[in-house]
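**Q** What follows is a predicted structure for the sequence shown.
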Amino acid sequence: MTGPRVHTVDWEQRWSNEARRKQLPSLHGIVSKFSGTQGMICMHGGIPPADSFPFTFFIGGMCDLGGDANGPHAPYGAETLAVTDPDLVTAAQQYNMHAQGHPPLVNWAKEMVTSLHDPATFAATNGSQAPIGMEIVITQGSSAALEALFRMLLEPGDPVLLEEYTYAHVVEAHLLPMGCELLPVRLDAGGVDPTHLDALLTARQAAGQPLPRVLYTIPTGQNPTGSVMSHERMQEVYNVTRKWDLLIIEDDAYYWLQYPSGIDDVPGLNLRPGFLRLDADGRVVRVDSLAKLLGPGFRLGWLAGPPALAAKFSLYTAGTSVGANMLSQVMITELLKRWGRSGFELYVKRLQARYARNAAVAAAAAAQHLTGLVEWQLAKAGMFLWMKMTGTAGPEADSSQLVEAAAAENVMVIPGHLVSVAHLQAAFHQKQRLYRQQRRQQQHSRRAAEHYHQHHQQQQQPDHDQLGHELSDAVADDSWQQAVHGLDTSVARAEVAPSPYFRVSFVTVGPEAVQEGFARLRRAVVSCSGGEISETPIDASLGKHGSGLVIGEGPMSTCDGILTSLEEPTTPQAHADAGIQVQVSS
């Protein structure tokens, strides 16, 4: 499967036509080049003067890094972060003058990526060539970064590989509007199935179909399945991408939220490296985000990849948003400086412990209320449980029915068809067909109306019956309008097998709400299955020891390998140490 050795990726041959045409805006280039030059009288830029800005300093209350992992933030004033340096205060309110981002933040991110991932591109390639290197560009979060990357690397209509269940925003907001052909890759308990990936590409080549150039993957706490790729699985996937000369877009938004050993042994910054560690060819683009780590409102993250890629990406940043928000960059940089590496790691550990505790509570509640009805995977990273309707639902379970049933119970989850690549693609094409029908109907209506008015203007006696039928045939049947306006991905069920899966988030609400939510979810699942609601069997040991879940083994088949088998309750020490309390809802 490893195939022949592929030489260092030539990024100049990978750009889309749009990316080839992309240039640094002339004004931005000259303004950035001479901004801050000692002794320079800067009369060339339309830059607001610093003394016109409204703020003269910034101050914020900081959270307490000690105490309970689930404890509240410190009250305002307990510890504060003040930004008073005039240069920093000005920079926070000024245009971003650096294509890669605020230099101190760029340096911090590069040091962090280097220490955590030890990128192979820093080593000499093929034993003789100079190292490829790695550069950082600060982004406005993952979504903006992914939008730019897809436009840089794909042409409209290109095929692209991605996990069969994935982050729906990437599909609906970026790839489908570009007209891309989406090729779902099977998932199993370890993430992307490299055997299926290789087989898919082999089949397309044999059929004479265009081969994709990009694999998009979420390797840690995968959204929605929660799967985590091991280092060994990453190597297998990387070997396939090398064989077929694919680029990898590694979207690792949940990287920091890993807790493989539970609440008592969170890893902090001792995290397994990503694809960069394996990337001797310079074919990996890593997208990191601070959204799940520090807060989505800051709209900050970074891209890490080969220098040629980083330079081209900077052109997109300069040409669209003039860079990430400078106030966020300055404040977050000063926060990270205040913490230092040890303080930052303490913050990360606290967050990991909180997510681990929430995951354990959710697993216990699921075992209490959904045993026999649903199977799921134990969360080891991220914020989701991936569940499969079984039991009385039978092999044709359709989780899309959960939307209405769950809403009736005043609880909500994400049904599988809303995060299924196959369903989203089928629904998109169905909607496009309906829009084309709409345009044909409108054109027919206009022609009929023009014909009618032409007869009227010539003062000829029209055949009102005939013309009336033409007009009414064109406009009276508004079924296409109803279909378009009421369309959702449920239309795809006629073309794609229903999905029995659904996603549950366990971090947005507290433990009591999670417990009650699963009780309500049980009623919704039973309702969808056409069964009767019975009292949930409660094992006395659950209150002390947790859910007794065991990871399933055996053959994998289209996400089934991800799921957890539910056996008789056991007493795992990890849950006992977590101190889970399970309360029976009355």
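**A** Received it, and whenever you're ready, just let me know what you need. All values reported here derive from a predicted model rather than from experimental measurement.

**Q** Next, the buried residues of stretch 291-305.
**A** Going by neighbour count (16 or more other Cβ atoms under 10 Å), the buried part of stretch 291-305 is 291, 292, 293, 294, 298, 299, 300, 301, 302, 303, 304, 305. (C-beta placed from N, C-alpha, C; glycine too.)

**Q** Give me the pLDDT for the last one.
**A** It refers to residue 305. Turning to residue 305, the model gives it a pLDDT of 96.

**Q** Which residues are in contact with it?
**A** 134, 135, 282, 284, 285, 286, 313 (Cβ atoms under 8 Å, 6 or more residues apart in numbering).

**Q** how near is it to residue 24?
**A** 18 Å (Cβ to Cβ, to the nearest Å).

**Q** what residue is smack in the middle of this structure?
**A** Centroid-nearest residue in the chain: residue 167, 4.4 Å away (criterion: Cα atoms, centre = their mean).

**Q** you'd agree that residue is up against residue 251?
**A** Yes. Residue 167 is in contact with residue 251 according to Cβ atoms under 8 Å; the separation is 7.3 Å.

**Q** Find the residues that touch each one of the two.
**A** residue 218.

**Q** related to what we said a few turns ago, which one (most neighbours) among the contacts of residue 305?
**A** Top of the contacts of residue 305 by neighbour number is residue 284, holding 29 neighbours under the definition other Cβ atoms under 10 Å.

**Q** roughly how far apart are residue 404 and residue 496?
**A** Noted for residue 404: a distance of 20 Å to residue 496, by Cβ to Cβ.

**Q** So these two - more neighbours on which side?
**A** Taking neighbours as other Cβ under 10 Å, residue 404 and residue 496 compare with residue 496 leading, 18 against 11.

**Q** quick one: contacts for that one?
**A** Contacts of residue 496 by Cβ under 8 Å, 6+ apart are 417, 420, 422, 423, 426.

**Q** Identify, from the residues you listed, the entry nearest to residue 436.
**A** Minimum separation from residue 436 among the contacts of residue 496 (Cβ to Cβ) is found for residue 426, which lies at 15.8 Å.

**Q** these two touch, right, that closest one and residue 499?
**A** No. With contact defined as Cβ under 8 Å, residue 426 does not count as touching residue 499 (11.7 Å).

**Q** Just want to know which of the two has more residues nearby.
**A** Between residue 426 and residue 499, counted using other Cβ under 10 Å, residue 499 has the larger neighbour count: 26 against 19.

**Q** residue contacts, that one?
**A** Listed by Cβ under 8 Å, 6+ apart, the contact partners of residue 499 are 398, 399, 400, 415, 416, 417, 420, 423.

**Q** neighbours of the nearest residue to it once chain neighbours are set aside, just the number please.
**A** Using Cβ to Cβ, 6 or more residues apart in numbering and skipping the chain neighbours, the partner closest in space to residue 499 is residue 416 (3.1 Å). Other residues near residue 416 number 27, with proximity taken as other Cβ under 10 Å.

**Q** Show the residue spans covered by the helices in the stretch 1-150 of the chain.
**A** With DSSP state H, counting those that start in this stretch, the ranges of helices along the stretch 1-150 of the chain come out as 17-21, 26-34, 86-93, 103-117, 142-153.

**Q** Residue 344: which of those is closest?
**A** Of all the helices of the stretch 1-150 of the chain, it is helix 103-117 that lies closest to residue 344, at 8.5 Å by Cβ to Cβ.

**Q** for the record, mean pLDDT for that closest one?
**A** What helix 103-117 shows for mean pLDDT is 97.

**Q** Centre of the chain to that helix, how far?
**A** 22 Å (Cα atoms, centre = their mean, to the nearest Å).

**Q** now stretch 300-317
**A** Mean-position distance between stretch 300-317 and its chain equals 19 Å (Cα atoms, centre = their mean).

**Q** Can I get it in CSV? Just the C-alpha atoms.
**A** Output in CSV follows, covering the C-alpha atoms of stretch 300-317 (Å, rounded to 0.1, in the frame of the first residue of the first chain):
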residue,chain,number,x,y,z
LEU,A,300,-8.5,33.1,16.2
GLY,A,301,-6.5,30.1,15.0
TRP,A,302,-3.6,29.4,12.8
LEU,A,303,-2.5,27.5,9.8
ALA,A,304,0.7,25.5,9.7
GLY,A,305,2.3,24.2,6.6
PRO,A,306,5.1,24.5,4.0
PRO,A,307,6.4,28.0,3.4
ALA,A,308,5.0,28.2,-0.2
LEU,A,309,1.5,27.3,1.1
ALA,A,310,1.7,29.8,4.0
ALA,A,311,2.8,32.6,1.6
LYS,A,312,-0.1,32.0,-0.8
PHE,A,313,-2.6,31.7,2.1
SER,A,314,-1.4,35.1,3.4
LEU,A,315,-2.4,36.7,0.1
TYR,A,316,-6.0,35.5,0.7
THR,A,317,-5.9,36.9,4.2
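
**Q** Contact partners for residue 145?
**A** 139, 287, 301, 303, 313 are the contacts of residue 145 under Cβ under 8 Å, 6+ apart.

**Q** ok now whichever strand or helix holds the second one, how far from the chain's centre?
**A** Spelled out, that is residue 287. Here residue 287 sits within strand 284-289, counting by DSSP states H and E. Put simply, strand 284-289 sits 12 Å off its chain's centre (Cα atoms, centre = their mean).

**Q** what's the answer for stretch 415-425, then?
**A** Relative to its chain's centre, stretch 415-425 lies at 14 Å (Cα atoms, centre = their mean).

**Q** Do me a favour and get the end-to-end distance for it?
**A** Using Cα to Cα, to the nearest Å, the end-to-end distance of stretch 415-425 comes out at 16 Å.

**Q** picking that back up, with the contacts of residue 496 in mind, which one is nearest to residue 187?
**A** When the contacts of residue 496 are ranked by distance to residue 187 (Cβ to Cβ), residue 420 comes first, at 11.2 Å.

**Q** So what pairs up with that closest one in the strands?
**A** Legend: beta-bridge partners of residue 420 under DSSP bridges are residue 165.

**Q** possible to save the buried residues of stretch 291-305 as a markdown table with secondary structure?
**A** Converted to a markdown table, those look like this (DSSP: H, G, I helix; E, B strand; the rest coil):
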| residue | secondary structure |
| --- | --- |
| 291 | coil |
| 292 | coil |
| 293 | coil |
| 294 | coil |
| 298 | helix |
| 299 | coil |
| 300 | coil |
| 301 | strand |
| 302 | strand |
| 303 | strand |
| 304 | strand |
| 305 | strand |
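
**Q** Mind putting those residues into a markdown table with distance to residue 157?
**A** Below are those laid out as a markdown table (distance: Cβ to Cβ, whole Å):
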| residue | distance to residue 157 |
| --- | --- |
| 291 | 31 |
| 292 | 33 |
| 293 | 36 |
| 294 | 38 |
| 298 | 35 |
| 299 | 30 |
| 300 | 33 |
| 301 | 28 |
| 302 | 30 |
| 303 | 25 |
| 304 | 29 |
| 305 | 25 |
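
**Q** Go through those and say which is closest to residue 98.
**A** Residue 98 has its nearest neighbour among those in residue 302, at 13.1 Å by Cβ to Cβ.

**Q** and the closest one, what are its bridge partners?
**A** residue 138, residue 288.

**Q** Any figure for the gap between it and residue 400?
**A** Where residue 400 is concerned, residue 302 sits at a distance of 37 Å (Cβ to Cβ).
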